[in-house]
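1. Sequence plus the predicted model coming up.
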Amino acid sequence: MALIEVEYLRKEFKRQKRKDGFWPLMKSLVHREYEIKTAVENISFTIDRGEVVGYIGPNGAGKSTTIKMMVGILVPTSGIVRVNGLVPYENRIENARRIGAVFGQKSQLWWDTPVIESLRLTKYMYDIPNDRYERNMKLFNDVLDLDEFKKVAVRSLSLGQRMRADLCAALLHDPDIVYLDEPTIGLDVVVKERIRQFIREINRERGTTVILTTHDMADIEKLCSRVMVVDHGKLMYDGNLETLKNDFGNMEKMEVDTDEPFAMSEELRRMGVAFGLTEENRTQLTYDKNSINSTVIIKWIMERYSVRDFIVKETEIEQIIRDLYIHLQQQGTPVSAREEALI
Amino acid sequence: MRLALYREMTLNSLRTSLAFRSEVILFLFGQLLRLFVQVYIWRALFANSTELSSQSGMITLSEMITYSVVSTAISVFATNDVIFRVSRKVSSGEIAMDLIKPMSFRSVLFCQTLGVNVYRILFELLPLMMVSLILFGVHLPTLANGLAFLGLVVGGLILNFLITYAIGLIAFWYILVWQVNTVLDGLIRLLSGAFIPIWFFSDTLVKLSYFFPFRLIYYEPIAVFLGKTTGWANLLGLFAQQLAWIVGLLLLQRWMWGRAVRRLVVQGG
Amino acid sequence: MRFLKLYARFIPIYFKSKTEHGFGFYMDFVGFALNHVVSYFVIWALMSRFQTINGWNMYEVMLMYTLNMLTFGIAAVFFFFQMTDVEEDVHMGTFDSLLVKPINPFVHMIIRAFGHFFLGDIVIAVGMLVFCFHKLGLSLDFGSAIAFIAVLLGGVLVQAAFIVISGSACFWLVRSRSLMNMVLFGIRDLMDYPVSIYGTVLRGVLTFVIPYAFVNFYPAQLILNRNDDALFASWLPYATPAVGLLLFAIGYRVWNAGLNRYQGTGS
């Protein structure tokens, strides 16, 4: 049985229309107009134990709303969410025992209390037995290095320290699932790497299911076995990272250094190669790797120029996602590699 | 044009105040409630007597009710959050941003307060006065006293603004502005005549009230309104007192501001 | 009980972190206290000129004020900043953190803060209570002491209920703080003088609709043994504890309705 089941999930919000100008303002004192906004529209998916899922999409796409429904904070307008066989919003407290959550830049630790005290309170709140608490603390300390700031009040921690403390607090009770909303936002490279390592380890050693939203594609690349893309409240893509790369990462880039300046060639262009930035003897070429092989291009060039050096660059994940978003905007239809799995 | 800038600032502050319907209604309700309480208290205190002796001769119940109505009307304008606006800006360091704007921080604040006051005339004072006229019946002053009253109220409000602004500036040196504000509120509550007219005070309290400017904000203008203070000499005396306090406070502020800016520059904002 | 155990863990930590602020922490006590000192002065200034208001003398009026302050102070220690925190959380979007914890959010709300601000009020109130009792020549035997504590607790519950109800407005209104201030520092001020000075309608409202009269007027009637100015029914003072429990239960339901609304079921 799947750990998380989501079927035809939908969430609508009622928003007040804002008015500008003096008279409309006066009018709004008496009468207010509302509009209904659909934040999540008929989303369905299942997540199995031990998966690490990247839940991505542009700002306001409905990521947080979906997660809040999975956690039990929000009640769906319609549709079903089942986590561990429980409906989260009906059994919020029971559900809360088995999950951990870190919501981006908002700490869930007690603001004025030192980190260590805050963690100890978490222990009591989740009824964590002493030995497990000690064991986890020791383990987490090794990776997250909490010792250096454990006596500092949460409010005076740096962003990176706070995120480490929050992660620790969210995982102390060995939850089945951990929801991470933007866990690496605003952090420096070193801290990011440390946090990724921690998440990887937790997932590998305890089989904790991880669901994370992020704007940092490196998070996706380094952590996620599966990617879900939402836009305008709809699930647009659901599949593994490899498939996503194959479907949308087909544009490859090549940089060639030649002895003589490279002349643009109609022949190459007809083969499907586009010329990018050219400076002195270095030339950039882009092409669809599904329609033309890099060796064909290199062979063609080497027959005509003396090549000093060349690099083939795979498309970066950012570019893939950007392409996907653009594709979605043009098409407006979901691309699902998991379509069969859902039926 | 300078004036256009000030007008925009005032309008903008009015707009912000209007944006929240619930607050508009709640404030009105709050003011009415306070007035009701005062009227009921005076009714209970007068019990069966029609007039009571005071430092300013005999006072009737209906004069006391008028006193409460006028006092509430003044409080509509005299209540502002200047202290907290100043201190918040100081403690957040945002004040540095105001220093680089092409108008003085005090003018900005004054315009904002003015904007709030325009809104208060429309949504607090007018409804308040209508209800009071219908329910209680209010004495009206003679033309001369009415004009003098208006002049004194304006003077009193400027005085009030300057006092709160000066207290807000304390935030530069002293963090506990909130407590200082409590003390100030207390002194105003007790010694301005906002609730208990100074004519009902004991001699000691009357003497004490002369050491503070607060009586010039509430008590003196209302006494003029009710015709308890008349005569050119007396009226001019009141204006002179207000002027003296205003000048004094302006000097105090210039001195404080000078030191504050120096401090700001030294600390680097 | 788990809740009490958690609370016992939490309070020392809270105080430890607060006292680190040093001087400011102790000044917190002074702030509200100053306000009350002024209020007593106002009562003194007024009553020394007029002697009685509706048959209540200066010390009786002070006793009324003190009861209002004491019951509010005790309730506020557990609810006031807790509820303003909730309001802030709801507006900042950080309220979610209360909903992802395996504990009733109402309990969590209470235990995560402590209104040390109001301890100063309580100290002054107790001092003034002793002072008024002395001036009024009152003394408590065992039975009346029990009755006194019962009505006091009733009053505390009424005050707590009003804090919770008006604070829960943040789930519906954008700027709920004004409503909270209106109720707690506007309507409650009606009780600074005996309810009997108001007209019948207002007396009725303050007894049956917004039963603030149970925080001091009815308890004071009981303590002072005033049967002569009974309102509505002479047994009303004895109903104080029941009114407190009922109102607090209503407060808890309003809070829950607010939670439902926050979670998107209410609308």
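-> Okay, I see it. Given the structure is predicted, the values throughout are model-derived calculations rather than measurements.

2. and the residue of the stretch 51-200 of chain B found nearest chain A, backbone torsions?
-> Proximity of the stretch 51-200 of chain B to chain A (CB to the nearest CB) peaks at B:Phe123, 9.1 Å away. (C-beta placed from N, C-alpha, C; glycine too.) Dihedral pair for B:Phe123: phi -110, psi -10, per degrees, to the nearest 10.

3. thinking it is in contact with B:Gln31, fair?
-> No: with contact defined as CB atoms under 8 Å, B:Phe123 does not count as touching B:Gln31 (10.2 Å).

4. From B:Ser68, how far off is the residue of the stretch 51-200 of chain B closest to chain A?
-> Per CB to CB, to the nearest Å, B:Phe123 is found 20 Å from B:Ser68.

5. same deal with A:Ile202?
-> Noted for A:Ile202: a distance of 67 Å to B:Ser68, by CB to CB.

6. okay, these two: which has more neighbours?
-> For A:Ile202 versus B:Ser68, the count of surrounding residues by other CB atoms under 10 Å in any protein chain shown is larger for B:Ser68: 26 against 22.

7. SS state for that one?
-> State at B:Ser68, reduced to three classes by DSSP: H, G, I helix; E, B strand; the rest coil: helix.

8. list the contacts for it?
-> Counting by CB atoms under 8 Å, 6 or more residues apart in numbering or on different chains, B:Ser68 makes contact with B:35, B:38-39, B:42.

9. Reformat those as CSV; add secondary structure and pLDDT.
-> Output for these, formatted as CSV (DSSP: H, G, I helix; E, B strand; the rest coil; pLDDT from 0 to 100):
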residue, secondary structure, pLDDT
B:Leu35, helix, 87
B:Gln38, helix, 90
B:Val39, helix, 90
B:Trp42, helix, 91
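
10. Tell me the one among these nearest to chain A.
-> Closest to chain A, out of all of those and judged by CB to the nearest CB, is B:Leu35, at 22.7 Å.

11. With adjacent residues omitted, what lies nearest to that closest one?
-> Of all residues not flanking B:Leu35 in the chain, B:Thr72 sits nearest, at 4.6 Å (CB to CB, 6 or more residues apart in numbering or on different chains).

12. now C:Phe10
-> C:Phe10's closest residue in space is C:Ile111 (CB to CB, 6+ apart), at 5.3 Å.

13. for whichever strand or helix holds A:Glu267, which positions count as buried?
-> Assigned by DSSP states H and E, A:Glu267 belongs to helix A:266-270. By 16 or more other CB atoms under 10 Å in any protein chain shown, the buried positions in helix A:266-270 come out as A:Leu268.

14. what does that helix contact?
-> A:275, A:285, A:297, A:300.

15. which helices and strands sit right next to the following helix or strand past that helix?
-> Once the chain leaves helix A:266-270, the next helix or strand it forms, by DSSP H and E, is strand A:273-279. Counting contacts by 3 or more CB pairs under 8 Å, 6 or more residues apart in numbering or on different chains; DSSP states H and E, strand A:273-279 packs against strand A:282-288.

16. residues making contact with the strand it packs on?
-> Contacts of strand A:282-288 (CB under 8 Å, 6+ apart): A:250-258, A:262, A:268, A:271-278, A:294, A:297.

17. mind redoing it with 7 Å?
-> For strand A:282-288, the surrounding residues in contact (CB atoms under 7 Å, 6 or more residues apart in numbering or on different chains) are A:250-257, A:262, A:272-278, A:297.

18. Derive a ChimeraX selection command for the buried subset of those residues.
-> With 16+ other CB under 10 Å as the criterion, this ChimeraX line picks the buried residues out of the contacts of strand A:282-288:
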select /A:251,252,253,254,256,262,273,297
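
19. Name the helix or strand for the residue nearest to B:Leu35, please.
-> B:Thr72 belongs to helix B:61-78, assigned by DSSP H and E.
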